[in-house]
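In: mind folding the following:
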Amino acid sequence: MFAFAARAPRPIPTTILFCCAYVLSFVDRQILSLLIGPVKADLHLDDFQFAVLNGFAFAVLYSVLGLPISMLADRFARPPIIVGGLALWSLSTIGCGLSGGFWGLFFCRMGVGIGEAALVPAVYSFLADIVPAARLGRIIALFSAGSFVGAGLAYLSGGALMALLRPGSLPGGLVPWKLCFVIVGAPGLVLAAVIACFVHEPAARGAREARAGLLQTWTFIRGQKWLFPLHFLGYSCSAVMLFSLMAWSPAYLMRVMGMPHGVVGGFMGGVAIVCGCGGIWTSGRLIDALTTRGIVRAPVIVGAGGMAGAALLFLLSGLCGVGTAGLVFFALTFFCASFPMAPSAFVIQTVAPRSMRAQISAIMLLCNALIGLSAGSMLIGLLDDRVFTASDGIRYALPIVAIVASTAGAAMIAGTAPFYLARWRALSRGE
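Out: Next comes the predicted model:
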């Protein structure tokens with residue numbers, strides 16, 4: 001019964017289990033975006049208040065607690081940390097469906113953020129310990145693809161459930177959007193039990209390096225000059241583009257493109273799964289292929305190129321307006337916007353000492369959450385409510401924020417090239 005636990009973790013099965021957890025994390029995180037209409041109507045919210053629930057409520061503790069949780073992941077066994085986070089965010093998602101007002105939903109969304117803060121830094125660190133460097137790009141891409149599968153399933157399941165469920169026939173007086181939260185939260189509890197049974201810590205972990213504290217990690221970051229500041233800020237700008245598209249695309253498609261609510265879920269689900277997963281897988285394979293050919297700057301090229309491409313394609317989508325061409329460029333924007341996820345993680349896992357990987361990943365996620373997920377989403381809601389006050393104000397608010405952020409991010413990531421190359425040379429010399 002316990003023979004499996006005695007063997008070293010196998011990269012592909014382990015990555016698939018972690019990918020499933022990432023899928024569920026994005027289903028639970030993203031389902032609220034598709035339910036914007038009924039949630040706003042039931043709770044009498046404006047766009048800014050909805051943005052607070054969708055972005056800030058989730059991101060505030062997701063970002064703040066990510067670093068101390070990552071310090072635990074650099075010191076102790078990571079599977080129990082991952083399992084505990086998965087169980088917590090699943091229960092919190094179910095709690096969203098049982099909440100009776102704005103503040104109940106707010107605190108449950110905070111619980112989702114706390115649980116999800118345990119996942120990515122621990123998983124990235126774990127995978128870097130069990131996967132050879134030559135395959136790390138595609139393995140990270142495989143895991144990260146879970147975010148787009150999860151977002152796509154959130155759109156698809158949310159739309160399908162809302163179409164199937166009818167008020168007045170639900171148990172406990174639940175309205176359809178509340179039951180959606182309960183249904184999508186429950187599978188996470190089952191997956192938590194599976195990971196607890198079949199994933200364990202690599203036996204040799206920690207034998208070669210002492211654990212690093214926050215002070216040592218900060219000293220290392222400062223020693224790399226502009227590499228990490230530009231990396232953190234640049235990829236946070238890419239997160240503004242990606243998370244803005246995920247959070248506000250349903251509203252954009254309904255208000256600007258005139259797409260029916262029932263169609264939006266299917267369209268966004270297909271775009272997120274096909275274009276998002278296709279983009280991130282292409283990104284990971286490009287990094288591995290270019291690195292194998294001796295192109296050291298491969299993650300810089302792929303990351304900056306993806307951001308620049310996303311900005312250009314979204315601009316073209318807006319210029320085309322309503323119609324097939326606009327939707328095609330919109331889908332291609334998702335394809336390019338997913339590119340930065342693999343190089344962002346790849347750089348940290350390859351240049352950081354093993355004892356600091358989870359902590360530096362958590363700092364990256366902190367910046368992503370505060371800038372990309374929270375500030376970007378709230379800025380769009382604020383512009384839509386206060387500046388572009390027409391019913392289709394999202395037509396201008398979303399592209400302005402997303403395109404400017406993605407362009408700035410591309411410039412910053414391109415600026416990391418000399419610092420990344422210097423660190424790579426130092427590692428080659430054994431420093």
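In: could you use CA atoms for every contact and neighbour count after this?
Out: Fine.
In: give me the phi and psi for Val387.
Out: With angles defined as degrees, to the nearest 10, Val387 sits at phi -110, psi -60.
In: quick check: closest non-adjacent residue to Val199.
Out: What sits nearest to Val199 in space, not counting adjacent residues and going by C-alpha to C-alpha, 6 or more residues apart in numbering, is Pro79, at 6.4 Å.
In: what residues are up against that neighbour?
Out: For Pro79, the contact set (C-alpha atoms under 8 Å, 6 or more residues apart in numbering) comprises Ile195, Ala196, Val199, His200, Glu201.
In: what do you get for Pro418?
Out: Taking C-alpha under 8 Å, 6+ apart, we find Pro418 in contact with no residue.
In: any idea which element it lies in?
Out: helix 417-428 (DSSP states H and E).
In: just the CA atoms from that helix would do, formatted as PDB, please.
Out: C-alpha atoms of helix 417-428 as PDB (Å, rounded to 0.1, in the frame of the first residue of the first chain):
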ATOM      1  CA  ALA A 417      18.800  40.600 -20.900                       C
ATOM      2  CA  PRO A 418      22.300  41.800 -19.800                       C
ATOM      3  CA  PHE A 419      21.600  41.000 -16.100                       C
ATOM      4  CA  TYR A 420      20.200  37.600 -16.900                       C
ATOM      5  CA  LEU A 421      23.300  36.800 -19.100                       C
ATOM      6  CA  ALA A 422      25.600  37.900 -16.400                       C
ATOM      7  CA  ARG A 423      24.000  35.600 -13.900                       C
ATOM      8  CA  TRP A 424      24.000  32.700 -16.300                       C
ATOM      9  CA  ARG A 425      27.800  33.200 -16.900                       C
ATOM     10  CA  ALA A 426      28.300  33.300 -13.100                       C
ATOM     11  CA  LEU A 427      26.500  30.000 -12.700                       C
ATOM     12  CA  SER A 428      28.500  28.500 -15.600                       C
END
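In: report the buried residues of that helix.
Out: For helix 417-428, a neighbour-count test (16 or more other C-alpha atoms under 10 Å) marks Ala417, Phe419, Tyr420, Arg423, Trp424 as buried.
In: stretch 13-20 too?
Out: The neighbour-count check on stretch 13-20 (16+ other C-alpha under 10 Å) flags Thr14, Thr15, Leu17, Phe18, Cys19, Cys20 as buried.
In: remind me which residues of this protein are low pLDDT?
Out: Where the chain drops to pLDDT under 70, the residues are 1-8, 158-159, 161-174, 204-212, 431.
In: list the contacts for the residue most central in space within it?
Out: The residue lying closest to the centre of the chain (C-alpha atoms, centre = their mean) is Ser147, at 5.8 Å. By C-alpha under 8 Å, 6+ apart, the contact list for Ser147 reads Tyr22, Val23, Ser25, Phe26.
In: so how far is Gly321 from it?
Out: Ser147 sits 28 Å away from Gly321, going by C-alpha to C-alpha, to the nearest Å.
In: same check on Phe18?
Out: For Phe18 relative to Gly321 (C-alpha to C-alpha), the value is 39 Å.
In: do the same with Phe232
Out: In this structure, Phe232 and Gly321 are 33 Å apart, going by C-alpha to C-alpha.
In: what about those two, which has more around it?
Out: Ranked by neighbour count (other C-alpha atoms under 10 Å), Phe232 and Gly321 place Phe232 first, with 22 against 14.
In: give the contact list for the more buried one.
Out: Phe232 touches Ile363, Met364, Cys367, Asn368, counting by C-alpha under 8 Å, 6+ apart.
In: just these now: which is nearest Phe220?
Out: Of all the contacts of Phe232, Ile363 has the smallest distance to Phe220: 13.2 Å, by C-alpha to C-alpha.
In: for the closest one, give me its contacts.
Out: Ile363 neighbours (C-alpha under 8 Å, 6+ apart): Gly66, Leu67, Phe232.
In: again, but for Ser70
Out: Ser70 neighbours (C-alpha under 8 Å, 6+ apart): Ala118, Pro121, Ala122, Ala358, Gln359, Ser361, Ala362.
In: at 7 Å what do you get?
Out: By C-alpha atoms under 7 Å, 6 or more residues apart in numbering, the contact list for Ser70 reads Pro121, Ala122, Ala358, Gln359, Ala362.
In: tell me how many other residues surround the last one.
Out: Residue crowding around Ala362 was assessed by other C-alpha under 10 Å; the count is 28.
In: thanks again, I'm all set now.
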